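> When you get a sec, could you give me coordinates for this:
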Amino acid sequence: MHNNKLDYSLYLVTDSGLLGGKDLAPTVEQAIQGGVTMVQIREKHLSSRDFFQVALAIKAVTDKYKVPLIVNDRADIALAVDAAGLHIGQDDLPLTEARKLLGPDKIIGVSTATLEEALLAQSQGADYLGVGAIFPTNTKDDADSVSLAQLQVIKAGIKIPIVAIGGINGSNIQSVIKTGVDGAAVVSAIIAAADPGEAASKLQQLIKG
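Okay, here's the model as predicted:
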């Protein structure tokens, strides 16, 4: 496991539906300038061709700032744009198969909501875990809920990095970081912000406490 030196502290997940007229690539760039340390493209509604084009555009931005780009769910797109890695959910391609496709050097993250799921993903070779949803969120309506106490239990039982996700914003990010997790994943608090760079900067300041 070579990836544990990565900075997971402020992990941006995209959702073009929240841009409100902004363009995605400049929004991601401003967010990185503000302090985002990892970017995941999650665009469930796009065709494969459009997802590929978006991924290429975002990859140009993340490469410029040497920030890892993770592709949600789509191993083919991750390979096609040579992304840093892939993030998969419990209903996506199994981790063991994803690893065969991507090889040993790519980052693979897995969404988990219980210690049992987390331990299984860790044993199968996940590089990090996304745990949530910590707070109610509109961006993923099927997510299981995970309390801060449960998050702390999962963090205590797991050796690989954990990124908390779900409804995280400026008002609650410090309570999440206090559980000892390695980072917070944010969607609308940055993507929907009028000034994504400023939003990211404020969140990063709160993370550093």
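
> And the residue lying farthest from the centre of the chain, how far from residue 27?
Using C-alpha atoms, centre = their mean, the residue of the chain lying farthest from its centre is residue 21. It sits 22.7 Å away. Taken as C-beta to C-beta, to the nearest Å, the spacing of residue 21 relative to residue 27 amounts to 11 Å. Backbone N, C-alpha and C define where each C-beta goes, glycine included.

> same thing with residue 77?
Residue 77 is 19 Å from residue 27, where distance means C-beta to C-beta.

> Give me the distance between the two termini of stretch 62-78.
With C-alpha to C-alpha, to the nearest Å as the measure, stretch 62-78 spans 14 Å from end to end.

> Next: stretch 19-27.
With C-alpha to C-alpha as the measure, stretch 19-27 spans 8 Å from end to end.

> and the longest helix for this structure?
helix 48-64 (DSSP state H).

> Pick out whichever of residue 77 and residue 27 has more residues nearby.
In terms of neighbours (other C-beta atoms under 10 Å), residue 27 is the more surrounded of residue 77 and residue 27; the figures are 24 against 21.

> Which parts of the protein are strands?
10-13, 38-41, 69-72, 85-88, 107-112, 128-132, 162-165, 183-186 (DSSP state E).

> Let me have those strands in CSV, adding distance to residue 147, mean pLDDT and mean neighbour count as columns.
Below are those laid out as CSV (distance: least, C-beta to C-beta, whole Å; pLDDT from 0 to 100; neighbours: other C-beta atoms under 10 Å):
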stretch, distance to residue 147, mean pLDDT, mean neighbour count
strand 10-13, 20, 98, 27
strand 38-41, 23, 98, 27
strand 69-72, 24, 98, 25
strand 85-88, 22, 98, 26
strand 107-112, 14, 98, 25
strand 128-132, 11, 98, 28
strand 162-165, 11, 98, 28
strand 183-186, 15, 98, 26
